[in-house]
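Enquirer: 3D model of this:
(chains A, B, C, D, E, F, G, H, I and J)
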There are 10 protein chains.
Amino acid sequence: MGTRPSKTLEVVPNPSPDRDYEIAIEAPEFTCLCPRTGQPDFATIRVNYIPDQLIVELKSFKLYLWSYRDEGAFHEAVVNQVLNDLVGAVRPRWMKVVGDFNVRGGLHTTVTATYGKPPER
Amino acid sequence: MGTRPSKTLEVVPNPSPDRDYEIAIEAPEFTCLCPRTGQPDFATIRVNYIPDQLIVELKSFKLYLWSYRDEGAFHEAVVNQVLNDLVGAVRPRWMKVVGDFNVRGGLHTTVTATYGKPPER
Amino acid sequence: MGTRPSKTLEVVPNPSPDRDYEIAIEAPEFTCLCPRTGQPDFATIRVNYIPDQLIVELKSFKLYLWSYRDEGAFHEAVVNQVLNDLVGAVRPRWMKVVGDFNVRGGLHTTVTATYGKPPER
Amino acid sequence: MGTRPSKTLEVVPNPSPDRDYEIAIEAPEFTCLCPRTGQPDFATIRVNYIPDQLIVELKSFKLYLWSYRDEGAFHEAVVNQVLNDLVGAVRPRWMKVVGDFNVRGGLHTTVTATYGKPPER
Amino acid sequence: MGTRPSKTLEVVPNPSPDRDYEIAIEAPEFTCLCPRTGQPDFATIRVNYIPDQLIVELKSFKLYLWSYRDEGAFHEAVVNQVLNDLVGAVRPRWMKVVGDFNVRGGLHTTVTATYGKPPER
Amino acid sequence: MGTRPSKTLEVVPNPSPDRDYEIAIEAPEFTCLCPRTGQPDFATIRVNYIPDQLIVELKSFKLYLWSYRDEGAFHEAVVNQVLNDLVGAVRPRWMKVVGDFNVRGGLHTTVTATYGKPPER
Amino acid sequence: MGTRPSKTLEVVPNPSPDRDYEIAIEAPEFTCLCPRTGQPDFATIRVNYIPDQLIVELKSFKLYLWSYRDEGAFHEAVVNQVLNDLVGAVRPRWMKVVGDFNVRGGLHTTVTATYGKPPER
Amino acid sequence: MGTRPSKTLEVVPNPSPDRDYEIAIEAPEFTCLCPRTGQPDFATIRVNYIPDQLIVELKSFKLYLWSYRDEGAFHEAVVNQVLNDLVGAVRPRWMKVVGDFNVRGGLHTTVTATYGKPPER
Amino acid sequence: MGTRPSKTLEVVPNPSPDRDYEIAIEAPEFTCLCPRTGQPDFATIRVNYIPDQLIVELKSFKLYLWSYRDEGAFHEAVVNQVLNDLVGAVRPRWMKVVGDFNVRGGLHTTVTATYGKPPER
Amino acid sequence: MGTRPSKTLEVVPNPSPDRDYEIAIEAPEFTCLCPRTGQPDFATIRVNYIPDQLIVELKSFKLYLWSYRDEGAFHEAVVNQVLNDLVGAVRPRWMKVVGDFNVRGGLHTTVTATYGKPPER
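Expert: This next block holds a predicted model:
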């Protein structure tokens, strides 16, 4: 069987580096393990960014998210880690990562982290 | 860390065995692996049943669904297997299991299997 | 302070006992305690019935549901108990009680119990 | 000022009495008074019917509903009264009246009364 | 300018006359005039039918609905007339026409008329 | 580049041929050409069936739908053709195909065709 | 039985104190008592904050909210008290607390209180 | 019977006058009379405000809205009058009143009036 | 029959000219003709404005919109004309007109034109 | 058969060039091919712009979008190309193009590119 989970984020050249434009990726199939109980957690991960010279290759991002499947990770740490890894790989002008986690104990938690100066709208 | 995935479904006595009533359980956090590609599949599993002498204990059902996390399984086989396992454990008067799988290749697939005679409504 | 929780269901005469008609009551503010963990459970209770000579007085039904606030009760038992108490009080021609419980452990559970022959539609 | 509330329901001839067809009217602006507290109650009234020789004139039905504005009336009584008055005026082959009342004391109540044999569908 | 409103419904041969299948057409842009006040009325017209040897040509149905734009017509009469004209043109095995009219005087009215024996489902 | 559009529907053995269960597939990315104007048409195709000894292989069904991309086809003919081809390939106990076509000329059209006796519910 | 309601909010170190990021928690299962009538009130509590050195531990926050179950408290006071207690415990850079209370007497009330300077977006 | 409509708005001390926080009240059960036709009008009234030393007592606000039931009042005048009366009673730092009126003559009208400087967000 | 379409917009004095407040009118029943094909177009027209000394009388606005029923008009021209006519009649401090046109050729078009300086919010 | 896909965008004079107003076009029927796999991609394209002396003729824009049907194109390149072509043709004061692509590999991607200074609102 072909592809496997991977922490490696591949990048490709931005086809329009002269323009500030925004790419949004929604990934509703994120799952990891709770570091306290070992039980599965589920979330939707949303990424918005303004690319500079590089954009993230989508298939490698899918495999990157898959790589969390067997890892224990706190909500706040997951979101900051995804942001750090993406920023390290694509060096965007601006990026936001949101983790929208399923209800646990009657509480619904969302974590939002940002890199760089937000775009003017 | 406490609980672990388990194929064992626990049951408890039905508190009202003299009455035909219906229990519905929706589990939106089901995930297994695609047997062809090895990649994760995601689904919502819905169970409806009319208990006889036993009802399924909910925490054991959660652990049962968790046990599919690392297994390769076709959509049609998952749903029929969950139905077979639940019927074997709780011996219901009637039961329906639905697997509502996330889009793959632009196709959204749902599988519905039933045991026993449906309730009159 | 005036009213208090009460297990007593009051009834008033049905203003149209010669006609089969249906009354539906939705109570989204039901809460009791989990008998295993002692923690609060939350549900919406829905009642549908065809009255015979009596109808349930709504304020007393509100106080009746309030009386579960400090009680430990399993999902299946709550719904069957509410049905039994209402049937005992209003002696309907037909009645259905649904308990729609908030997500616990990623599972959403609904219990539906019925008394008498369902209405033809 | 022109029109005033009125208990008189006007009728006009059914343009297609040879065919069983259904007319549905939804009136979301019904208000009356609570007979216990004197405070306003609000509801949506829905009427479905299969006419025989007559259909209800819509403006007169609007004025008819308006005539409840200053009356104290229980939920169950309102719905049965509207059904009786409409049946008396238009002599339908079948009719259903639903009163969907706004939340009071955390309870949402709906009352449904029917005249005649329901249509086959 | 090309097309014009027309009362003529064109038909084409049914490509699968050996099978009972259903065609549904929703037309949200119907408008006529109120025969009492002369003011515009608006509705969505929905047609469902099982064709026999003929099906209605869609462009001619669009022009047919357009032909009501300057006509005064009661709600109940519009729906029965559309049904009669369609039945006359396509001779279906079964047909249903629904007129869902915009709110007038706080009342929302829907009229449903049917020809032939409804399909078994 | 790998896969290409194909009229060949592949099948695989039904894993539970001893049980009547239902498979539902929704394909929102169907497009063909209008045989009159040559312009693109868009639709969602929905298939429901009860398999007998075979089930349709999903990837081949995706390629099958893709094969309509450059073909001119009337709405009613598309749906009956998809039904005929699927029935020929998987020989189901029952099957329904729905084509839900995008608005053209202000009209929204849906076509529904069925093979075999519908399931009891 | 294990956990019990508690006014003690536990905190854990912020895993990314060098970055301004936002945590959002929605708690739809809040209930307290009306201080005038003694009857239960229900609300959804929403918290948004930018942590500094500490983040609130979610289980302790669940128990904290549970501790209001038997207390009489006005809407406006509840929201300001939750904000004060959370600010005292986690010392955030910015925090907002919303209480969205169920309808009483036909009125739906929401209270929103904020601490610190709102984040630039 | 107890309470009656009243133009008197009662106030209570603001429990947190040292903080700018917002209170929102939605009242979907407002009705008055059209000053031209005498027929009933219906609206949802929404109030948002930042209190200073006083907050409005909710039951008196309910009775205040009830007092419009038999009055003829134009849409624009109702909203400005409610704003003037609330500002006179609670002397807020900021307040907004919205009247969202039901459709009349195919037109849906909303009126929004504000007092004081809007809050920074 | 009474009223007729008319290009004359009537105005009445603003009851609160000393305050900047906003009036919003939604008219979902706008129809005109396509100037190229002569076929009917349909749109929802939305008007928002801050009045100065005058407000538009709603019935005359309804008749004004009706006057487009038999006119050929491009989308962009309709919206700018309605804005010009309303500004000419009521001399507002600020006004916005939106035309939200039904799908034609698979395209959904909206046109938004504004007069004066937008309100601070 | 008449019209064919075309890369030529036609323009017509802006009927109100003295005013900054906004035109929005939503095209939910965009399809092209994936340049890696050759398989069809689907998207909704949304265009917002403030015209200067020219506006885009809608039918030519429909044919322009159709011209992508047989082309391989990356998501990011499609959106930047549509923006470049439209800007070249209509020379707007401001323009935004959004491509909202269907889910592939569990990821939903949206690309947003802008030309000129955004409008003040």
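Enquirer: show me the contacts for the residue most central in space within chain A.
Expert: Centroid-nearest residue in chain A, with CA atoms, centre = their mean: A:Val82, separated by 4.5 Å. Residues in contact with A:Val82 (CB atoms under 8 Å, 6 or more residues apart in numbering or on different chains) are A:45, A:47, A:65, A:97, A:99. (C-beta placed from N, C-alpha, C; glycine too.)
Enquirer: Could I get the residues you listed in a markdown table, plus columns for distance to H:Asp52?
Expert: Converted to a markdown table, these look like this (distance: CB to CB, whole Å):
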| residue | distance to H:Asp52 |
| --- | --- |
| A:Ile45 | 43 |
| A:Val47 | 43 |
| A:Leu65 | 50 |
| A:Val97 | 40 |
| A:Gly99 | 39 |
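Enquirer: Which ones among those residues lie within helices?
Expert: A:Leu65 (DSSP state H).
Enquirer: Buried subset of the contacts of A:Val82, written for ChimeraX?
Expert: Buried residues within the contacts of A:Val82, by 16 or more other CB atoms under 10 Å in any protein chain shown, are selected in ChimeraX with:
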select /A:45,47,65,97,99
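Enquirer: Where do the strands of chain A begin and end?
Expert: A:11-13, A:22-33, A:40-50, A:54-56, A:94-101, A:108-115 (DSSP state E).
Enquirer: quick one on the thing from earlier: from A:Ala43, how far out is the residue nearest to the centre of chain A?
Expert: To A:Ala43, A:Val82 is 10 Å away according to CB to CB, to the nearest Å.
Enquirer: what's the overlap in contacts for the two?
Expert: Contacts common to A:Val82 and A:Ala43, judged by CB under 8 Å, 6+ apart, are A:Gly99.
Enquirer: follow-up on the earlier one: who wins for proximity to E:Thr31 among the strands of chain A?
Expert: strand A:22-33 (39.7 Å; CB to CB).
Enquirer: helices or strands next to that closest one in the packing?
Expert: Under the contact definition 3 or more CB pairs under 8 Å, 6 or more residues apart in numbering or on different chains; DSSP states H and E, strand A:22-33 sits against strand A:40-50, helix A:58-66, strand B:22-33, strand B:40-50, strand J:108-115.
Enquirer: now those in TSV, with mean pLDDT?
Expert: Shown next, in TSV, are those (pLDDT from 0 to 100):
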stretch	mean pLDDT
strand A:40-50	97
helix A:58-66	96
strand B:22-33	97
strand B:40-50	97
strand J:108-115	97
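Enquirer: Those: which one's closest to D:Arg104?
Expert: strand B:22-33 (28.7 Å).
Enquirer: Only C-alpha atoms, please: export that closest one in PDB.
Expert: The C-alpha trace of strand B:22-33 is given here as PDB (Å, rounded to 0.1, in the frame of the first residue of the first chain):
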ATOM      1  CA  GLU B  22     -36.300   2.100  21.200                       C
ATOM      2  CA  ILE B  23     -32.700   3.200  22.000                       C
ATOM      3  CA  ALA B  24     -30.800   5.300  19.500                       C
ATOM      4  CA  ILE B  25     -27.000   5.900  19.700                       C
ATOM      5  CA  GLU B  26     -25.100   8.200  17.400                       C
ATOM      6  CA  ALA B  27     -21.300   7.900  17.300                       C
ATOM      7  CA  PRO B  28     -19.800  10.600  15.100                       C
ATOM      8  CA  GLU B  29     -16.200   9.700  15.900                       C
ATOM      9  CA  PHE B  30     -15.700   6.400  14.100                       C
ATOM     10  CA  THR B  31     -12.400   5.900  12.200                       C
ATOM     11  CA  CYS B  32     -10.800   2.800  10.600                       C
ATOM     12  CA  LEU B  33      -8.300   2.300   7.800                       C
END
